[in-house]
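Asks: Compute the structure for the input listed below.
(one chain, ligands or ions: 2)
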Amino acid sequence: MAKATEALEREHKVIQKAVAVMAQLVDQLELRHAVKPDLLRDLLQFMRVFSDQCHHGKEESYFFPYLESKGVPSTGCPLSALKGEHAKSRQLMSDLNSAAAGYIADSEKGRLTLIQVLQSLVTLYPAHIWKEDYLLFPMAEKLLSEDDHRLLLEQFAIAEEGLGTNAHQSFEALAEDLTQRIDQCPQCARMVPSR
Ligand SMILES: [Fe+2]
Ligand SMILES: [Fe+2]
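Replies: Numbers count the residues shown, from 1 in each chain. Ligands and ions are numbered 1, 2, ... in the order given. This next block holds a predicted model:
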């Protein structure tokens, strides 16, 4: 049986690829390695559309309200805390948009701000995903029936229709592509491995 929780968990794994790219970007920027504008733009697009609009959208519009309808309190832990983290990530996405534009316009001036915003996202996302994977989803498993999962998966599919044909697969491919491109930093390739 397909489960809504497993669908969200699979998306977490895709998002974690972009988080790993952001962590590598922090390292490269700290070493003053040049980061290509198109990589920043594609990363921003992935984070805004796949992570926020698509994934957080499914959670906020369907999954969390469904759990509330099953008796999970909308205030306090865990739902209110998770919604607060979505709001924080949305703010950081807006900050990333400005910081990436600032870096593209003047890399020396914009470098530190871009590092700070990326580092904030690298700190926020894994902790948020951990809470959902290890606390929220196991709790949801106790509340959701087979029919509930089916209904939620139907709602998730409707949410994805707004993103266009094959959008999900395209964003999964983009996360993998970003992983390959961040590994191709010519300056990192010249560095002597530490061991
Ligand atoms: Fe979430
Ligand atoms: Fe999530």
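Asks: now what about the helix or strand of the chain with the lowest mean pLDDT, what contacts it?
Replies: Lowest on mean pLDDT, DSSP states H and E among the helices and strands of the chain sits helix 186-190, with a mean of 82. Contacts made with helix 186-190 from outside it, assessed by Cβ atoms under 8 Å, 6 or more residues apart in numbering, are listed as 28, 31, 33-34. Using the backbone N, CA and C atoms, a C-beta is placed for each residue, glycine as well.
Asks: Take that helix, keep the C-alpha atoms, and write them as PDB.
Replies: Coordinates of the C-alpha atoms in helix 186-190 are reproduced here as PDB (Å, rounded to 0.1, in the frame of the first residue of the first chain):
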ATOM      1  CA  PRO A 186      37.800  23.500 -10.600                       C
ATOM      2  CA  GLN A 187      39.500  25.100  -7.600                       C
ATOM      3  CA  CYS A 188      38.300  22.300  -5.300                       C
ATOM      4  CA  ALA A 189      39.600  19.700  -7.800                       C
ATOM      5  CA  ARG A 190      43.100  21.300  -7.500                       C
END
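Asks: Quick check: the two most widely separated of the contacts of helix 186-190?
Replies: Comparing all pairs in those by Cβ to Cβ, the longest separation belongs to L31 and A34, at 10.2 Å.
Asks: Mind jotting down where the helices sit in this protein?
Replies: If you assign secondary structure with DSSP state H, the helices in the chain sit at 4-30, 37-45, 57-58, 64-69, 79-105, 107-131, 137-143, 146-161, 167-182, 186-190.
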